[in-house]
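>>> Predicted model and sequence follow; I will ask about them next.
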Amino acid sequence: MLRRLIVIVTAAILFNSSLTLAESKKPIPPDKFPPSPLEITTPDPLLPRLPKDKQPLTLEEQQKLEPALDALNQEAGVKLQAGEQVAALEIWNRELRLRRFLGSLAEVQALSRVGAIAWNQNDSPEVQYITQRLQAIQKQAESQKTTAEIDLELWRSLGQAYQNVRSPKLALEAYNQVLLVVRQQKNPTAVVEILKTIGEIHLSWFDYRKAAPIYEELLGLATSQGERVNEVTYLQRLADIYEQTNQPQQSLNVLNKLAEIYVNENNLTEIPELKLAIASDYESLAKKDPNLLLEAFKNYQEAYTTAWQLQEYVRAGEALQKLIALYRSQGQTDAALQASQILVQTQTQAANFYGMMQAYDQIGQLYLERKEFPQALTAFKKGLELAQQLKYEEAYFTGQIEKLSKANL
């Protein structure tokens with residue numbers, strides 16, 4: 001009985017102790033997001049005084065502070081090189097807190113510099129702190145500006161800073177503010193500069209649809225000013241954009257302009273590749289309008305002819321392959337066979353033994369379609385000779401030859 005009483009009392013004590021321990025270890029409510037190190041307001045010994053009533057430092061005070069901040073930047077860089085990332089960012093954050101006393105532009109430029117470092121170091125919290133501070137500066141700038149009085153250098157710096165922390169949407173907002181003003185100022189050089197920056201941001205984030213009208217405008221400006229080099233550059237960029245967005249008609253418009261420029265400048269080396277792309281666009285459009293197939297044939301042939309003249313046999317072979325595939329898709333076996341015979345010669349000139357082997361295989365298949373078995377057998381035998389040299393696809397050609405040999409017995 002006594003033993004039972006002791007057990008009960010002991011259990012009660014343990015139970016009460018557990019309750020007390022559980023109560024003492026109640027989950028602590030999660031703290032809010034930790035405060036940004038850029039918003040610490042503790043007085044800094046580098047400040048000559050604590051600015052009161054938001055009065056900025058005097059010019060003399062700023063001139064004394066700036067070299068001290070440059071020294072902090074260098075110190076942080078040394079720490080980072082030594083592998084002390086946390087210590088480096090602490091120093092940089094101190095620098096950034098003090099940079100704001102040198103004005104918005106100086107602070108944004110410093111935020112941009114450190115933001116790029118933070119991104120490269122995969123420091124997401126630091127990138128977030130810097131982005132938040134940039135947004136605060138932007139908001140302040142928006143409240144103070146008029147369209148005529150916008151600080152273009154500040155907004156350009158904001159745009160670059162947002163790029164450095166990989167915030168394309170915010171960067172575009174900043175650059176569009178600049179673009180609006182330089183348009184109103186009728187400053188064509190600045191307009192082109194900002195448009196190029198905006199276009200590059202869209203492309204770097206694979207936003208081809210939004211990049212297209214930017215480069216169309218740049219193309220129009222270059223054309224109107226007779227800037228042939230820039231015109232070609234923008235046409236090439238648009239050709240890539242329209243290819244990526246699968247817009248063959250827009251692509252055709254651009255490629256034909258490029259082809260016209262190259263022909264006028266007698267720059268024929270670019271023509272084969274252009275003609276291949278043009279033919280491909282016509283082939284795509286022919287799905288809705290079969291009459292355009294003639295243009296596809298024509299441009300593949302021109303691509304081959306020009307490449308042969310330039311002794312670019314690899315490109316010539318590529319054009320012939322496209323042409324043969326198009327002939328076969330239209331049931332034009334005779335034309336495909338003739339082109340395949342020419343392909344053998346082209347691949348021979350290019351010393352492309354693999355291409356020659358494929359061409360003989362293609363010829364053999366075409367003869368099979370025409371029920372001309374002896375000719376098919378000859379083609380496959382030539383293909384086998386090349387396969388044996390390459391030690392590749394030997395079994396395939398041997399099988400084709402065996403099938404034809406048995407069929408003829």
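That came in fine, so what should we check first? As the structure is a computational prediction, the values presented were derived from the model and not from experiment. Numbering: from 1, shown residues only.

>>> you'd agree Arg315 is up against Pro272?
Yes: counting by C-beta atoms under 8 Å, Arg315 does reach Pro272; the two are 4.6 Å apart. Placement of C-beta: from N, CA and C, glycine included.

>>> list the residues that contact both of these two?
Overlap of the contact sets of Arg315 and Pro272 (by C-beta atoms under 8 Å, 6 or more residues apart in numbering) consists of Ala303, Ala307.

>>> for the chain, what helix or strand is lowest in average pLDDT?
Ranked by mean pLDDT, DSSP states H and E, the weakest helix or strand in the chain is helix 2-24, scoring a mean of 40.

>>> average pLDDT across the very next helix or strand once past it?
Past helix 2-24, further along toward the C-terminus, the next helix or strand under DSSP states H and E is helix 59-81. The pLDDT scores in helix 59-81 average 95.

>>> in helix 59-81, what counts as buried?
Neighbour counts using 16 or more other C-beta atoms under 10 Å place Glu61, Leu65, Leu69, Leu72, Asn73, Glu75, Ala76, Lys79, Leu80 of helix 59-81 among the buried residues.

>>> separation between the residue nearest the centre of the chain and Tyr175?
The centroid of the chain falls nearest to Ser204 when counting by C-alpha atoms, centre = their mean (3.8 Å). From Ser204 across to Tyr175, the span is 13 Å (C-beta to C-beta, to the nearest Å).

>>> try Lys275
Taking C-beta to C-beta, one finds Lys275 at 37 Å from Tyr175.

>>> Contact partners for Ala376?
Ile363, Gly364, Gln365, Tyr367, Leu368, Leu404 are the contacts of Ala376 under C-beta under 8 Å, 6+ apart.

>>> can we see that at 6 Å?
Listed by C-beta atoms under 6 Å, 6 or more residues apart in numbering, the contact set of Ala376 reads Gly364, Tyr367, Leu368.

>>> Which pLDDT does the model give the residue nearest to the centre of the chain?
For Ser204, the model assigns a pLDDT of 96.

>>> Please name the nearest non-neighbouring residue to it.
Distance criterion C-beta to C-beta, 6 or more residues apart in numbering; nearest residue to Ser204, sequence neighbours excluded, is Pro168 at 7.5 Å.

>>> same question, Leu384
The spatially closest residue to Leu384, leaving aside those adjacent along the chain, is Phe397, at 3.8 Å (C-beta to C-beta, 6+ apart).

>>> how many neighbours does the one you found have?
Neighbours of Phe397 under the rule other C-beta atoms under 10 Å: 24.

>>> what packs against the helix or strand encompassing it?
In this structure, Phe397 is located in helix 394-408 according to DSSP H and E. Contact here means 3 or more C-beta pairs under 6 Å, 6 or more residues apart in numbering; DSSP states H and E; on that basis helix 394-408 packs against helix 373-390.

>>> how far off helix 394-408 does the helix it packs on point, in degrees?
Counting by axes from the mean of the first three to the mean of the last three C-alpha atoms, to 10 degrees, helix 373-390 lies at 160 degrees to helix 394-408.
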